[in-house]
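Enquirer: with the sequence up front, the predicted model follows.
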Amino acid sequence: MWRRIGAHAIDLGFILVTAAIVYFSFVFRLSFNAESYDKAQQAAVKAQLDSSLYVKWDSTYVASPADVGSFESVASFSYNTTLANGVNASYSMLDNLHDYYTLNREAYGERKLSEEVFESDVLAIGSPLSNIASIEKNSASHFAITLTDKNAFSTTRDFLLKRYKAAVTEVNDSKLVSTYAEEAASYTRFAVLMLIPTTAGSALLYTLLIPLCLPNGKSLGKLFLHLVVLSKDGYELKKIWLLPRSLSYIVIELLLGVASFGATFLISYTMCMFMKEHRCIHDLLSNSVVAEEETSFWFKDEVDEEEYLARNPENEAY
């Protein structure tokens with residue numbers, strides 16, 4: 001039993017290493033349209049920046065200040081500087097929020113708000129929910145707020161961060177951004193999905209082509225650990241049965257094993273451990289059984305067995 005698990009581990013190692021080499025050396029480069037992906041990504045990022053809710057730290061890092069910034073005072077919402085991705089950037093969250101709702105929102109499929117509606121519906125001025133008493137431009141021409149209760153800043157901070165994140169979600173869910181984001185994701189998905197045929201092809205090599213060339217259906221793992229594949233009746237396994245054996249292993253135990261987080265693989269080898277003949281799912285579907293080469297005795301077929309017994313009648317009761 002443990003030899004068989006070892007042989008399987010060896011074969012699986014060969015399959016995964018070969019698949020990884022082929023995938024990253026050839027398949028990924030051929031299947032991933034990097035130029036189109038970059039264009040779609042750049043278009044999505046531009047749409048995010050145009051909303052005024054996002055801040056560009058450098059050429060590769062764009063993010064919402066609500067996700068990376070630190071807000072420890074009322075003034076930090078009017079003007080703030082944050083170090084992100086190794087670069088400092090300055091921004092005003094109140095300016096950003098105001099510009100999105102009163103200037104840019106229509107581009108994202110939503111109704112643009114007037115100043116009065118922005119203050120009442122978005123900032124909830126005068127409501128205990130926001131603890132904001134008023135909003136006006138300060139000497140630096142940034143929007144600044146005053147609090148109803150100066151000792152309840154945390155209430156205002158949590159309220160503004162929640163409203164800002166809601167606006168960001170609205171932008172990202174809009175057709176303008178999501179179309180480009182989905183396009184970029186589709187290029188990545190296609191390249192990742194190409195792992196499936198690459199891994200299946202590698203598995204076919206080690207579970208079908210090599211056993212077809214080696215005696216008694218041996219894979220490399222079985223060759224190293226001296227195991228053979230026989231028919232359920234104890235004769236040599238006909239080569240034709242190696243095809244369903246290989247395909248059932250690849251589909252049920254390898255690919256479905258990954259999709260089910262190892263469930264089908266675990267079921268198969270649990271069956272192998274507790275069944276009398278130690279047969280996995282792919283053994284059951286291919287009329288096969290794995291045996292130790294040194295301690296097993298088998299015939300090519302029934303005719304070969306009869307001829308042997310005719311020559312050696314003393315072994316009839318073996």
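Expert: Thanks, I have the structure now.

Enquirer: which one is Ala89 nearest to, not counting chain neighbours?
Expert: Trp57 (4.8 Å; C-beta to C-beta, 6 or more residues apart in numbering). To be clear about C-beta, it is placed using only N, CA and C from the backbone, and glycine gets the same treatment.

Enquirer: tell me, how many residues neighbour that neighbour?
Expert: Applying other C-beta atoms under 10 Å, we find 18 residues neighbouring Trp57.

Enquirer: likewise for the one 4 residues further on?
Expert: Around Tyr61 sit 15 other residues, with neighbours defined as other C-beta under 10 Å.

Enquirer: C-alpha coordinates for stretch 5-24, PDB please?
Expert: Once non-C-alpha atoms are left out, stretch 5-24 reads as follows in PDB (Å, rounded to 0.1, in the frame of the first residue of the first chain):
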ATOM      1  CA  ILE A   5       1.300   5.900  -2.400                       C
ATOM      2  CA  GLY A   6       5.000   6.500  -3.000                       C
ATOM      3  CA  ALA A   7       4.700   5.600  -6.700                       C
ATOM      4  CA  HIS A   8       1.800   8.000  -7.000                       C
ATOM      5  CA  ALA A   9       3.700  10.800  -5.300                       C
ATOM      6  CA  ILE A  10       6.600  10.300  -7.800                       C
ATOM      7  CA  ASP A  11       4.300  10.300 -10.800                       C
ATOM      8  CA  LEU A  12       2.400  13.400  -9.400                       C
ATOM      9  CA  GLY A  13       5.700  15.200  -8.900                       C
ATOM     10  CA  PHE A  14       6.700  14.500 -12.500                       C
ATOM     11  CA  ILE A  15       3.300  15.600 -13.800                       C
ATOM     12  CA  LEU A  16       3.300  18.900 -11.900                       C
ATOM     13  CA  VAL A  17       7.000  19.800 -12.500                       C
ATOM     14  CA  THR A  18       6.600  19.100 -16.300                       C
ATOM     15  CA  ALA A  19       3.300  21.000 -16.400                       C
ATOM     16  CA  ALA A  20       4.900  24.000 -14.700                       C
ATOM     17  CA  ILE A  21       7.900  24.000 -17.000                       C
ATOM     18  CA  VAL A  22       5.800  23.800 -20.100                       C
ATOM     19  CA  TYR A  23       3.200  26.300 -18.900                       C
ATOM     20  CA  PHE A  24       5.500  29.100 -17.800                       C
END
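
Enquirer: pull the distance from it to the chain's centre.
Expert: Offset of stretch 5-24 from its chain centre (C-alpha atoms, centre = their mean, to the nearest Å): 20 Å.

Enquirer: list the contacts of Val55.
Expert: 62-65, 89, 91, 96 (C-beta atoms under 8 Å, 6 or more residues apart in numbering).

Enquirer: kindly recompute the last result at 6 Å.
Expert: By C-beta atoms under 6 Å, 6 or more residues apart in numbering, the residues touching Val55 are 65, 89, 91.

Enquirer: list the beta-bridge partners for it.
Expert: Residues in a beta bridge with Val55, per DSSP bridges, are Ala63.

Enquirer: and it, how far from Glu292?
Expert: Going from Val55 to Glu292 by C-beta to C-beta, to the nearest Å gives 66 Å.

Enquirer: ok, Met273 next?
Expert: 16 Å.

Enquirer: just Tyr37 next, same as before
Expert: Tyr37 is 51 Å from Glu292, by C-beta to C-beta.

Enquirer: do the same with Val251
Expert: The value you get for Val251 to Glu292, if C-beta to C-beta is used, is 28 Å.

Enquirer: per-domain residue ranges of this protein.
Expert: The chain is divided into the following domains under automatic domain parsing: 2-30+195-312, 34-190.
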